[in-house]
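Asks: prediction below, plus the sequence it came from.
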Amino acid sequence: MRLIAEFKRRLFRWQSDGTAPLRLGQRRIFILPTRAGLLFAAALLAMLTGAINYNLALGHALVFLLAGLALVGMVHAFRNLYGLSIAPGRCLPVFAGDSALFPLQLSSDRATPRLALELRAADEAVEVRCSVAAQGLTEAAVPVAATRRGWLELPRTRLATTYPLGLFVAWSYLQPAMRCLVYPQPLATPLPPPQPATHSGDQRGDGGQEDFSGFRERQPADSPRHVAWKASARDGGQRPLLVKQFAGGAQHELQLDWSLTPEGAAPEARLSILAGWVLAADDSGACYGLRLPGHEIEPGSGDAHRHRCLEALALFPA
């Protein structure tokens, strides 16, 4: 088994550190007849047998003409891949349960286009089809199912073509050094109550005493003196109490703490709850922090802060 694994590694290696472009040479391209090609060969054999049996000169000519066309198609299938350059792109993070997209840049310096190219990762049913224009560049994203959080490596990918006649398939195996960060699958649950900010000096956010900005439903941590009794009385007690929101005063922070998740839940479920909280807090524009066992992220906001929190959840030790 070790010898087979070493043979495959040498046969399908990227011939670099996995990040530089790879140019397909003749030693990396394989070619075999397709099912249609085998049927075509069987039909030619039957025609040749009949031509020999009945001594038909035109039958011989037709058989050899069709065989010559098939060989020309085989050469063109090989040339459709030969000299093609492939470079890895940059992968964007996804959530568990989605499909990770691994972009590969295909470029050609030839004066003729390369048509009917097919890309598919190992064990994946989805196939990506593309073409490369003459002396052009095309980016094709290879989908891979992201079943669990963490780093997802691009498996061995097959680049194939049956151009131009479909009688032969030429292919090459690619395995660049690419990986995609997979966040935990978010679980939508109510956010924990906000806590008063501990910053000194002028503070910002809702809950202050400067400019009135609207109402929101009361949470257990809210002070009764902030309840809008008149606005709540208009609903006749049919809805939860409303709390006034003010802009420009003291800020309330959300502390997304591991200890606030259900203790009896599995660790992966608790990470999913925290991921849902991060997304909900980011959508609301709140200032939030993340606290995990052995790791803490200070409160903040914005895209970079959201990515930092989700990355910490994705790489949390199992």
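Replies: Great, that's in hand.
Asks: for the residue nearest to the spatial centre of the chain, phi and psi?
Replies: Nearest to the geometric centre of the chain sits Ala100, at 1.5 Å (C-alpha atoms, centre = their mean). Backbone torsions for Ala100, taken as degrees, to the nearest 10, come to phi -80, psi 140.
Asks: confidence score at it?
Replies: The predicted local confidence for Ala100 comes out at a pLDDT of 96.
Asks: mind listing the helices for the stretch 1-150 of the chain?
Replies: Listed in chain order, the helices found in the stretch 1-150 of the chain under DSSP state H, counting those that start in this stretch are 2-12, 35-54, 57-81.
Asks: average model confidence for the longest one?
Replies: The one in question is helix 57-81. Mean predicted lDDT for helix 57-81 stands at 96.
Asks: the shortest one now?
Replies: Averaging the model's pLDDT scores along helix 2-12 yields 66.
Asks: give me the beta-bridge partners of the closest residue to Val128 other than its chain neighbours?
Replies: Setting aside the residues directly before and after it, Val128 is nearest to Leu119 in space (C-beta to C-beta, 6 or more residues apart in numbering), at 4.5 Å. Where C-beta positions appear, they are placed from N, C-alpha and C, glycine not excepted. Bridge pairing for Leu119 (DSSP bridges) gives the partners Val128, Leu159.
Asks: just to revisit the earlier point, ok, the residue nearest to the centre of the chain touching Val182?
Replies: Yes - using C-beta atoms under 8 Å, Ala100 and Val182 qualify as a contacting pair, with a distance of 6.7 Å.
Asks: can you list residues touching both of those two?
Replies: 94, 146, 152 (C-beta atoms under 8 Å, 6 or more residues apart in numbering).
Asks: and the first one, how far from Pro143?
Replies: To tie it back to what came earlier, the one meant is Val94. To Pro143, Val94 is 10 Å away according to C-beta to C-beta, to the nearest Å.
Asks: what do these two both touch?
Replies: Counting by C-beta under 8 Å, 6+ apart, the contacts common to Val94 and Pro143 are 100-101.
Asks: just the helices in the stretch 151-300 of the chain please.
Replies: Along the stretch 151-300 of the chain, the segments classed as helices by DSSP H, counting those that start in this stretch run 229-233, 267-284.
Asks: what's the most buried one of those helices?
Replies: Of the helices of the stretch 151-300 of the chain, the one with the most neighbours on average (mean count of other C-beta atoms under 10 Å) is helix 267-284, at a mean of 20.
Asks: who touches it?
Replies: Judged by C-beta under 8 Å, 6+ apart, the contacts made with helix 267-284 from elsewhere in the structure are 95, 149, 183-189, 191-192, 254, 256, 258, 261-262, 265, 288, 290, 292, 301, 305-306, 309-310, 313, 316, 318.
Asks: mind running it again at 6 Å?
Replies: For helix 267-284, contacts defined as C-beta atoms under 6 Å, 6 or more residues apart in numbering pick out 184-189, 191, 254, 256, 261, 288, 306, 309-310, 313.
Asks: which two among those are spaced furthest apart?
Replies: Every pair in the contacts of helix 267-284 was compared (C-beta to C-beta); the two farthest apart turn out to be Gln185 and Leu254, at 20.7 Å.
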